[in-house]
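Q: Starting from these lines, generate the structure:
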Amino acid sequence: MRCRILGRTGLRVSVIGLGTWQFGGEWGRDFSQTEADAILDAAGECGINLIDTAECYGDHLSERLVGDYLARHDRSRWIVATKFGHHFHSFMNRTDDFSVDGVRAQLEASLRALHVDVIDLYQFHSGSDEIFQNQELWTMLAEQKRAGKIRHLGVSILQKGSELQAREAARFGAEALQVFYNRLDRRPEQIYFPHARRDQLGIIGRVPLASGLLTGKYKQGVTFAANDVRATFDAEKLKRDLAEVERLQKTEVPAGMPMANWAMAWCLQDPLVSSVICGCKNPEQVKANAGAAELVTE
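A: As a prediction, this is how the structure comes out:
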């Protein structure tokens, strides 16, 4: 497994990270602790060391499944990233809470759920620009860093994008950006990467497989289960994206190469991108994802 330094955090992260949104029950199925353990075991065996989760993947449910595993294994080999800013209520039903007291309470709940004393990367999670610019919030987070509960701060930018958050991240004490980035959405190269280079911010790419579309296994007319987040996608955009995936398979993916591995490695062409976060439903998918690291040349 190749590793890269995440900006100026000094964290040495695997270029393939483990996304755990699926553990929260919004990927069409629920996960038992045994199933989560098997996925995490496979990640460790492949050399993956970055786990990305969030307070609202279930009501700290994903964090609890990860935390139960960490409590029984060597915590020191894992870099644990989680997020703040929301309360989970039900499938795709969340409310925002970026208040100082609310985030402080979320932090304590995340520490308990994860069974850790310190979170390696604590990320502002898909909030508005107005909320992001609340200096009191970042002052409190800096205090939590000094108290030893947070190692580094980051910003997980909402999917529709925010150039302001990338531009101002370093000023508020953030050292990493998590951005929506894949072969179907190259906007980050223009709106985030220049700020990251200037301020030495690490880049974590999320959804590198475009929610599975860039695996090449979904064709026109596909339908998803009602409890799968992809069932909420705009039908016309999904149709256009699948047509583009078909074109890419024919024109850009080398013959014989799994499209998923090609898509993940494509995101890592620029060394500025330290890691891509990949979700998975079983250990076999973890191992397949990890294989993309072999295609990364630096």
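Q: what residue ranges in the chain are flagged as low confidence?
A: By pLDDT under 70, the chain has no low-scoring segment.
Q: Now do the helices in it.
A: 33-45, 61-71, 100-114, 129-132, 135-146, 163-168, 188-191, 193-199, 235-251, 259-267, 283-290 (DSSP state H).
Q: Those helices into JSON lines, with extra columns for distance to Arg4 and mean neighbour count?
A: (Glycine included, C-beta is placed from N, CA and C.) Output for the helices of the chain, formatted as JSON lines (distance: least, CB to CB, whole Å; neighbours: other CB atoms under 10 Å):
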{"stretch": "helix 33-45", "distance to Arg4": "17", "mean neighbour count": "18"}
{"stretch": "helix 61-71", "distance to Arg4": "22", "mean neighbour count": "22"}
{"stretch": "helix 100-114", "distance to Arg4": "24", "mean neighbour count": "18"}
{"stretch": "helix 129-132", "distance to Arg4": "26", "mean neighbour count": "14"}
{"stretch": "helix 135-146", "distance to Arg4": "23", "mean neighbour count": "15"}
{"stretch": "helix 163-168", "distance to Arg4": "19", "mean neighbour count": "19"}
{"stretch": "helix 188-191", "distance to Arg4": "17", "mean neighbour count": "16"}
{"stretch": "helix 193-199", "distance to Arg4": "13", "mean neighbour count": "16"}
{"stretch": "helix 235-251", "distance to Arg4": "25", "mean neighbour count": "13"}
{"stretch": "helix 259-267", "distance to Arg4": "12", "mean neighbour count": "23"}
{"stretch": "helix 283-290", "distance to Arg4": "15", "mean neighbour count": "20"}
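Q: can you redo those helices as CSV with distance to Ile51?
A: Output for these, formatted as CSV (distance: least, CB to CB, whole Å):
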stretch, distance to Ile51
helix 33-45, 8
helix 61-71, 6
helix 100-114, 9
helix 129-132, 24
helix 135-146, 20
helix 163-168, 23
helix 188-191, 22
helix 193-199, 22
helix 235-251, 28
helix 259-267, 17
helix 283-290, 12
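Q: among these, which is nearest Leu6?
A: Across the helices of the chain, Leu6 has its closest neighbour in helix 193-199 (10.9 Å, CB to CB).
Q: Which elements pack onto the closest one?
A: Other elements packing on helix 193-199 under the criterion 3 or more CB pairs under 8 Å, 6 or more residues apart in numbering; DSSP states H and E are helix 163-168, strand 202-206.
Q: Please list all residues in contact with the residue of the chain positioned farthest from its centre.
A: Distance from the C-alpha centroid of the chain peaks at Ala255, with 29.0 Å (CA atoms, centre = their mean). By CB atoms under 8 Å, 6 or more residues apart in numbering, the contact list for Ala255 is empty.
Q: Next one: it relative to Phe233, how far apart?
A: 30 Å (CB to CB, to the nearest Å).
Q: nearest spatial neighbour of Leu184, skipping sequence neighbours?
A: The spatially closest residue to Leu184, leaving aside those adjacent along the chain, is Ala210, at 4.8 Å (CB to CB, 6 or more residues apart in numbering).
Q: likewise Met264?
A: Ala292 (3.8 Å).
Q: residues contacting the closest residue to Arg4 other than its chain neighbours?
A: Spatial nearest neighbour of Arg4, excluding adjacent residues (CB to CB, 6+ apart): Ser274 at 4.3 Å. By CB under 8 Å, 6+ apart, the contact set of Ser274 is Arg4, Ile5, Leu6, Gly7, Val13, Val15, Ala176, Gly202, Ile203, Ile204.
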